[in-house]
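J.: Please work out how this folds:
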Amino acid sequence: MKQTFDTIIVGGGSAGCVLANRLSADPTHQVLLIEAGGGGRSPLIRVPLGMALTVPGHVHNWNFSTTAQPGLNGRSGFQPRGKGLGGSSAINAMIYTRGHAEDYNDWAELGLDDFRWEQTLPWFTRAEANSRLSDAYHGQDGELSVSDLRYDNPVVTAFSAAAGQLGIPLTDDFNGEHQEGVGRYQVTQKRGLRCSAAAAYLHPVMNRPNLRVMTRTHCTRLEIGTSRVEGVWAMTGNGPQQLLQARQQVILSAGAFQSPQLLMLSGIGPRDELRQHGIAVLHEMPEVGANLQDHLDYISSWRSHSPHLIGYGALGMARMAMDVPNFLFRGKGILTSNIAEAGGFVKTDPSLQRPDVQLHFLIALADDHNRKLHYGQGLSVHACQLRPYSRGHVGLNSSNPLDAPRIDPAFLSDERDLDCLLKGVKLSREIMMQSAMNPYRGKPLFIRDEASDEELIESIRNRADTIYHPVGTCRMGIDDNAVVDQRFRVKGLDGLRVVDASVMPTLIGGNTNAPTMMLANRAAHWILNGE
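T.: I've put the predicted structure just below:
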């Protein structure tokens, strides 16, 4: 039986959930949302500390890997991506940041005038339901719950004090007038539970009669007519492929890796890449999969005897077990922790216009995205360069749609990135060496406290990896080579848009989840207004 909808959305992540909500608010508009993963309601997703298992796991995570990275001494990096409704917002650290105002003005300078900061800010505030902040930079009536952590950790207070000892400004709002500073992050939580994009936007409206959600359903390719995308081919579980038709449009919201992958599998992309895998070139677009940018991150860790940390072993497990009633009856305590409880945006050079490094302070030992566990407890500080110069790409490993995409971030292929990251790592470690951290900082785990620049550089090449913010592979722009235009329409094809982090022309200076939802809210507005 032929199944036809007005709009088909491929991917139920941060963008897809927003789009499904907004577009189905019109009861005359038939919307289908297709998601390859599950329903996004698992306790491991809803309980914030569950991310310690979902990030290194396979059930809720695509668990991608990169190609060997010459800049990282030939290592293959880890690329976790959320698998299920909510996408990566279901497994991330829940940190709510938007980037710097000038990041969006940079987009405007590229010709994307509708994304200048003063035009973009209202879309953040309308979507936000902030439990503490209410001013020109914050909203309290939106769908996305944003709150302070419900766990007041004295080690986090000490980290902020240590930054203050170095003269770094302190802040309680990274999304206000000034981004620079160190302090506690606000998180996408509601009463101590994770507020993923699915929990905020999709789960509350799943009973709309004009909205259908298909989970555990994998899109294999687009159905393309003479000059128009007419639908998608999809398979549920191990079942047969079926054609799902779209009267108005198909929207790809599968993320920075899988949106370009699906375009290429459908014959849309670079000619040589498609021919290499025996795929007919239906619409040549050289930049599909190009322009990949990501935040490369380095972790410094120290052991600690503080009872306020998350530990691996009998003591740590016993402590979390004792705190279960506090979580169940009050929505507070260690189980509500996002682990990366504090951090900041700092300048490696005071003359810079905006911060160039972001810090994440963890109340746990961190090693290889928690895939390597160290017995005992400790604390860690991440440092990542906010605006990398290196550009990678996404391609195909094969023409099989069930295979993972080929991911090459080209980390440190531009030497300027190493210079900035080294400065950021040194600054993060200098904060940790301040007297305010003396009661908590024990033996270093990976590299000695007095490490030279040469030792740190070698350690960066041996241990640095992504902090999960890939963007740019379906670049938005006004030039002929851009993949989508300012309304997210794929150039040269009717009935097809891409709406997710892949359209960002440059990487914003911060966590990318809230900006991705901003893009989806704007896209829905334009679609509903016939643009």
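J.: where does the stretch 351-500 of the chain dip in pLDDT?
T.: 370, 373 (pLDDT under 70).
J.: just checking, L263 touches G269?
T.: Yes: between L263 and G269 there is a contact under CB atoms under 8 Å: 5.5 Å. Just so you know, the C-beta spots here come from the backbone N, C-alpha and C atoms, and that holds for glycine as well.
J.: Between the two, which contacts overlap?
T.: Overlap of the contact sets of L263 and G269 (by CB atoms under 8 Å, 6 or more residues apart in numbering) consists of 285, 288-289.
J.: quick one: which of these sit in strands?
T.: Among those, none falls in strands (DSSP state E).
J.: Go through those residues and flag which are in helices.
T.: The members of the shared contacts of L263 and G269 all map outside helices under DSSP state H.
J.: out of those residues, which is most surrounded?
T.: G289 (31 neighbours; other CB atoms under 10 Å).
J.: Just the strands from the stretch 1-150 of the chain, written as ranges.
T.: Secondary structure of the stretch 1-150 of the chain by DSSP state E, counting those that start in this stretch: the strands cover 3-10, 31-34, 64-69, 75-79, 128-130, 144-148.
J.: Need the contact partners of the fourth one.
T.: Read that as strand 75-79. In this structure, residues lying in contact with strand 75-79 by CB under 8 Å, 6+ apart are 62-69, 257, 368-369, 371, 407, 409, 411, 462, 465-466, 468, 470.
J.: shaky segments in the chain?
T.: Within the chain, the ranges that satisfy pLDDT under 70 run 1, 313-315, 370, 373.
J.: that older thread, comparing the strands of the stretch 1-150 of the chain, which comes out most buried?
T.: For the strands of the stretch 1-150 of the chain, average neighbour numbers computed from mean count of other CB atoms under 10 Å are highest in strand 31-34, which has a mean of 26.
J.: now the helices: where do they sit in the chain?
T.: Along the chain, the stretches classed as helices by DSSP H are 14-24, 43-46, 51-54, 101-109, 117-127, 154-165, 197, 255-265, 271-276, 314-322, 324-330, 415-432, 453-463, 513-528.
J.: closest one to Q186 among those helices?
T.: Closest approach to Q186 among those (CB to CB): helix 513-528, 10.3 Å.
J.: now for that closest one, which elements pack on it?
T.: Counting contacts by 3 or more CB pairs under 8 Å, 6 or more residues apart in numbering; DSSP states H and E, the secondary-structure elements packed against helix 513-528 are helix 14-24, helix 117-127.
J.: related to what we said a few turns ago, just the helices of the chain: most buried one?
T.: Mean neighbour counts were taken over the helices of the chain using mean count of other CB under 10 Å, and the top value, a mean of 33, falls to helix 197.
J.: Now do that one: which elements does it pack against?
T.: Here helix 197 is seen to pack against helix 14-24 when contacts are counted using 3+ CB pairs under 8 Å, 6+ apart.
J.: residues contacting I334?
T.: Applying CB under 8 Å, 6+ apart to I334 gives the contacts 49, 151, 310, 319-320, 323, 327.
J.: let's see 7 Å
T.: Going by CB atoms under 7 Å, 6 or more residues apart in numbering, I334 touches 49, 151, 310, 319-320, 323.
J.: Turn the residues you listed into a markdown table, including distance to A200.
T.: As requested, those are exported to a markdown table (distance: CB to CB, whole Å):
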| residue | distance to A200 |
| --- | --- |
| L49 | 20 |
| Y151 | 21 |
| I310 | 26 |
| R319 | 30 |
| M320 | 26 |
| D323 | 26 |
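J.: Closest one of the residues you listed to Y96?
T.: If you rank the contacts of I334 by distance to Y96 using CB to CB, Y151 comes first, at 16.1 Å.
J.: who's in contact with that closest one?
T.: Under the criterion of CB under 7 Å, 6+ apart, the neighbours of Y151 are 332-334, 336-337.
J.: Go again with 10 Å.
T.: Applying CB atoms under 10 Å, 6 or more residues apart in numbering, we find Y151 in contact with 48-49, 192, 308, 323, 326-327, 332-338, 341, 363.
J.: cool, D408 as well?
T.: Residues counted as contacts of D408 (CB under 10 Å, 6+ apart) are 66-69, 77, 289, 292, 392-395.
J.: quick one, strands of the stretch 301-450 of the chain?
T.: Counting by DSSP E, counting those that start in this stretch, the strands of the stretch 301-450 of the chain are 311-312, 340-346, 357-362, 376-385, 393-396, 405-408.
J.: Nearest to M433 among the ones you listed would be which one?
T.: Between these, strand 376-385 lies closest to M433; by CB to CB that is 10.9 Å.
J.: Just give me the closest of the contacts of I334 to G37.
T.: Closest to G37 out of the contacts of I334 is L49 (20.7 Å), distances taken as CB to CB.
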